[in-house]
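Asks: sequence plus predicted model, see below.
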Amino acid sequence: MPWVLWMLFPPMFWLSVLWTIFASLIYLSALMDWYFDAWLVTNMSMLDVEWKSLFHRLSSRVDFNDIKEIAYEKKGFLGTVLNYGDIYAGLTSGDHVVLKNANNPKNIELYVLKIREEYINGQKMQNADALQELLVDIVHKHIAEKGVPPKK
């Protein structure tokens, strides 16, 4: 558009250059905002990294125990055809974390759910082991204090 303006009105060359530079900076900022927003999924928790502007980043840690649900949404024709959309993680606090315009949101949702399930199963096993050790200690203490009960 600015170069059409310059072709029609040659004295507007510098206005066209400034318009192009300004539009390029806005496009670069939007591209970096999309590119640097990410979810980092580890075996312990999920990090939501959000890039607000050049000197403003936001990072938050979400424990897998705090995630209540995960859903994705593809919007419109292009989202369906090009397979991109938003992913939502609902938290037990009622808040939610959003990753916008992610590529292949269904696979990301399934991956996060798989890692979350592995984490919760590991926590259950650790809790069961701790409970078993506690019960063994109680039985040993009881036997040390009162002895083994006689057989009937």
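Replies: Now that the structure is in, tell me what you want to look at.

Asks: how many other residues sit next to Phe137?
Replies: Not quite, residue 137 is Asp, not Phe. Residues contacting Asp137 under the criterion other CB atoms under 10 Å number 10. (Each C-beta comes from the backbone N, C-alpha and C, glycine too.)

Asks: mind checking the SS state of it?
Replies: Following DSSP: H, G, I helix; E, B strand; the rest coil, the label given to Asp137 is helix.

Asks: residues contacting it?
Replies: Not one residue lies near Asp137 by CB atoms under 8 Å, 6 or more residues apart in numbering.

Asks: roughly how far apart are it and Tyr72?
Replies: Distance, Asp137 to Tyr72, using CB to CB, to the nearest Å: 46 Å.

Asks: touching the helix or strand of the chain with the lowest mean pLDDT from outside, list them.
Replies: Among the helices and strands of the chain, helix 2-8 carries the lowest confidence by mean pLDDT, DSSP states H and E, at a mean of 73. With CB under 8 Å, 6+ apart as the test, helix 2-8 has contacts from Met12, Phe13, Leu15, Ser16, Val17, Trp19, Thr20, Ala23.

Asks: quick one: the fourth one from Leu135, how far?
Replies: So that's Ser16. Ser16 is 79 Å from Leu135, by CB to CB.

Asks: which of the two has more neighbours?
Replies: More crowded of Ser16 and Leu135, by other CB under 10 Å: Ser16, with 18 against 10.

Asks: report pLDDT for the more buried one.
Replies: In this model, Ser16 is scored at 84, pLDDT.

Asks: so what's Asp37 up against?
Replies: Counted by CB under 8 Å, 6+ apart, Asp37 has contacts Val49, Glu50, Trp51, Leu99, Lys100.

Asks: most neighbours of all those residues, which one?
Replies: Leu99 leads the contacts of Asp37 on contacts (other CB under 10 Å) with 20 neighbours.

Asks: picking that back up, and the buried ones among the contacts of helix 2-8, selectable in PyMOL?
Replies: In PyMOL syntax, the buried subset of the contacts of helix 2-8 is picked out as below (16 or more other CB atoms under 10 Å):
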select buried, resi 16+19
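
Asks: what's the closest non-adjacent residue to the most centrally placed residue in the chain?
Replies: Residue closest to the mean C-alpha point of the chain, counted by CA atoms, centre = their mean, is Trp39 at 3.4 Å. Excluding its sequence neighbours, the residue lying closest to Trp39 (CB to CB, 6 or more residues apart in numbering) is Leu99, at 5.3 Å.

Asks: cheers, nothing more for now.
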